[in-house]
Structures are given as C-alpha cells and as structure tokens.
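Novice: show me how the following folds:
(one chain, ligands or ions: 1)
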Amino acid sequence: MTEHIHFTQAPEIRAATTVRALFQALSLPRLEQLSLAAHALNVPRSWLLAHDLDTLMPQQIAAVHSLLTRRIAGEPVAYLLGQREFYGLLFHVSPAVLIPRPETELLVDYLIHYAPNAGRVLDLGTGSGAIAVSFAHHRPDCQVYATDISPAALDVARTNNQAHSDGRVDVRASDWCVAFFTSEYTNYFDIIVSNPPYIAADDAHLQQGDLRHEPIGALTDLADGLQCYRAIVLQALPRLKCSGFLVLEHGWQQGDAIAQLLQAAGYQAITQYCDQDEQGHSRMLVAQKP
Ligand code: GLN
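Specialist: Just a heads-up that it's a prediction; the model follows:
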C-alpha cells in the first residue's frame with residue numbers, strides 16, 4: 001500500500017508521514033480535510049486535532065492521501081464519506097443516488113406538519129429515501145410508501161429505511177406511480193410527494209461541481225425540465241384521496257409553469273411557498289385534489 005509514493009508527486013507529499021503534512025501539501029477547506037481524514041483513519045475528527053503530528057503507518061497515509069486527492073479531482077464529499085446528514089439523520093449515500101439537499105428538508109417539514117393522523121404518504125423517485133425515511137422516522141403513525149425506478153437507488157433507500165425508520169417504509173421498484181395502478185390504490189393516498197429530476201437537458205450546471213458525479217437520471221429529464229411533472233401530475237390525481245395533496249419540489253424558476261400544469265389537470269388550492277431555499281427562492285408547490 002505505498003502507491004501514494006509516486007515519483008511524479010511533489011517532494012512534500014512524498015515525504016509526508018503525518019496528517020498535518022498532507023493537509024499542508026493538499027489544499028482543501030479545513031472541514032473537508034478533517035472529515036475525509038477522519039473517515040480514512042476511522043477516528044473522530046477531534047482525534048485529528050490532537051494527533052495531526054503523529055507519524056502514521058504508510059498505509060494510513062496512503063488512505064488519507066487517496067481520499068484527499070479524489071476530492072481535489074472533484075468527487076463529492078458525501079460520496080467519499082458514503083453519507084450525508086439530512087433532517088438530523090445520517091443517510092447512507094452512493095453514486096447511485098442524488099446527494100440529499102437542504103432545500104428538500106422543506107418538503108419533510110410540510111409532511112410532518114400536515115399529514116393526517118395514521119395517514120398514507122407516497123414518495124415518488126425516493127433515491128436515498130431521504131424524504132420518505134425522515135418523514136417515517138418522525139411520524140411512526142403514518143403508512144409510508146416510496147418508489148424508484150433504479151434498483152441501485154432502491155438498495156440505498158432500503159438501507160436507510162432499516163437504519164432510521166425500522167423498515168416501516170414500503171419501498172417498491174416503480175416508474176412513478178406504476179406500482180400503484182391497481183384499483184386498491186384508487187383514492188388511497190393522503191399525500192403524494194416528489195423531488196423529481198427537473199434540470200433541463202441543456203442546463204450548464206449538469207457539467208459543474210458535484211452534479212458531474214451524481215446519477216444523470218436523478219438530475220435531468222433529458223428534456224425541458226418539466227417532463228417528470230407532466231407524468232406525476234396526471235398519475236397522482238386518481239391515487240390521491242379527495243382533498244389529498246400533491247407536494248412537489250421544483251427548480252427555482254419552474255413554479256409558475258408547474259402551477260399551470262396542476263391547474264390544467266384539475267387540482268385546486270395551488271400554493272407556491274416563497275423564500276424557502278438558501279437563496280430565498282420558491283422551491284415547493286402544494287396542490288389539492290378537489
Ligand atoms: N436540487 C438539485 C440541484 O439543483 C436537482 C435535483 C433534481 O433535479 N431534483 O442540483
């Protein structure tokens with residue numbers, strides 16, 4: 001395990017035997033350095049503060065070096081750590097799922113607050129299970145269902161379901177609502193929620209930052225960004241109870257276009273929630289089945 005000692009490396013990296021020397025040679029934000037090194041060495045971050053001048057074994061140095069250089073090459077911290085905090089819970093993540101975003105916590109807030117007692121809630125395109133699992137964690141009275149079309153994402157969602165909601169979320173392979181097309185699920189759900197892929201195919205952000213490493217099918221519809229909403233808005237309607245709610249996350253400029261889709265499909269009480277994300281944009285729409 002000495003592949004890190006490579007002749008093309010700068011002398012200070014080749015000579016590094018301590019975490020501090022690696023941190024000085026491989027420039028990254030402090031918190032990222034500490035998180036990645038702590039993960040590589042399987043120690044708490046606090047340990048590193050006291051031991052960053054300890055001489056480590058070559059394989060330990062190699063492990064830290066590997067994670068730091070992968071980060072410098074662009075891999076997201078969450079994938080390197082295999083986890084990301086969301087709604088106060090530590091979610092397992094892999095490159096098969098979108099990394100949970102803070103703005104999505106707003107949907108969970110809504111569900112926890114408004115789901116009726118013992119209600120039925122369905123999360124479409126659950127990915128890591130962030131929405132369904134954190135909701136089920138806080139509302140054990142409810143019956144929670146989650147779908148995804150990706151088998152690899154379903155594995156991640158099931159792991160998180162076991163870790164945080166005692167396996168209570170009914171996780172199913174499905175293209176949106178297709179697993180619920182049978183008559184027993186007509187007028188069945190109190191709330192259907194989704195954070196679908198909504199980035200337009202020609203959006204330059206897909207080639208930038210963490211997004212380059214996330215599953216393309218979780219980010220974009222490969223069209224105008226509204227294609228998944230067209231399907232969800234129509235499929236959800238017959239499966240919602242009368243007066244049930246559809247709750248959608250959307251991109252910061254998509255609210256009006258999706259409100260029009262909802263109105264055309266016959267939803268009522270269409271509400272855009274304002275000033276929600278870190279930039280102050282509206283990112284969530286709620287609409288009611290008449
Ligand atoms: N919220 C993600 C982003 O803006 C996109 C995820 C999605 O399409 N649902 O990077």
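Novice: in three-state terms, label the residue nearest the centre of the chain for me.
Specialist: Residue closest to the mean C-alpha point of the chain, counted by C-alpha atoms, centre = their mean, is Pro100 at 2.3 Å. Classification of Pro100 using DSSP: H, G, I helix; E, B strand; the rest coil returns coil.
Novice: thought Ala10 was touching Ala16, still the case?
Specialist: No: counting by C-beta atoms under 8 Å, Ala10 is not a contact partner of Ala16; they are 9.7 Å apart. (Glycine included, C-beta is placed from N, CA and C.)
Novice: more neighbours, the two?
Specialist: Neighbour count, other C-beta atoms under 10 Å: between Ala16 and Ala10, Ala16 has more, with 23 against 10.
Novice: quick one: that one from Met57, how far?
Specialist: To Met57, Ala16 is 13 Å away according to C-beta to C-beta, to the nearest Å.
Novice: what's the residue in the stretch 1-150 of the chain that the ligand sits nearest to sitting at in phi/psi?
Specialist: Nearest residue of the stretch 1-150 of the chain to the ligand: Arg101, at 5.0 Å (C-beta to the nearest ligand atom). Backbone torsions for Arg101, taken as degrees, to the nearest 10, come to phi -110, psi 150.
Novice: what is the burial count for it?
Specialist: Residues lying near Arg101 (other C-beta under 10 Å) number 15.
Novice: and it, what does it touch?
Specialist: For Arg101, the contact set (C-beta atoms under 8 Å, 6 or more residues apart in numbering) is empty.
Novice: next one, pLDDT for it please.
Specialist: pLDDT, Arg101: 96.
Novice: what segments of the stretch 101-250 of the chain are helices?
Specialist: Along the stretch 101-250 of the chain, counting by DSSP state H, counting those that start in this stretch, helices occupy 105-114, 130-138, 151-165, 216-219, 227-239.
Novice: which one of these is the most hemmed in?
Specialist: Highest mean neighbour count of the helices of the stretch 101-250 of the chain: helix 130-138, a mean of 27 (counted as mean count of other C-beta atoms under 10 Å).
Novice: alpha carbons only: can I get that helix in PDB?
Specialist: Written as PDB, here are the backbone C-alpha positions of helix 130-138 (Å, rounded to 0.1, in the frame of the first residue of the first chain):
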ATOM      1  CA  ALA A 130     -34.300  11.000   2.300                       C
ATOM      2  CA  ILE A 131     -37.900  12.300   2.200                       C
ATOM      3  CA  ALA A 132     -39.800   9.100   2.900                       C
ATOM      4  CA  VAL A 133     -37.400   7.800   5.600                       C
ATOM      5  CA  SER A 134     -37.100  11.100   7.600                       C
ATOM      6  CA  PHE A 135     -40.800  11.500   7.400                       C
ATOM      7  CA  ALA A 136     -41.400   7.900   8.600                       C
ATOM      8  CA  HIS A 137     -38.900   8.500  11.400                       C
ATOM      9  CA  HIS A 138     -40.800  11.400  12.800                       C
END
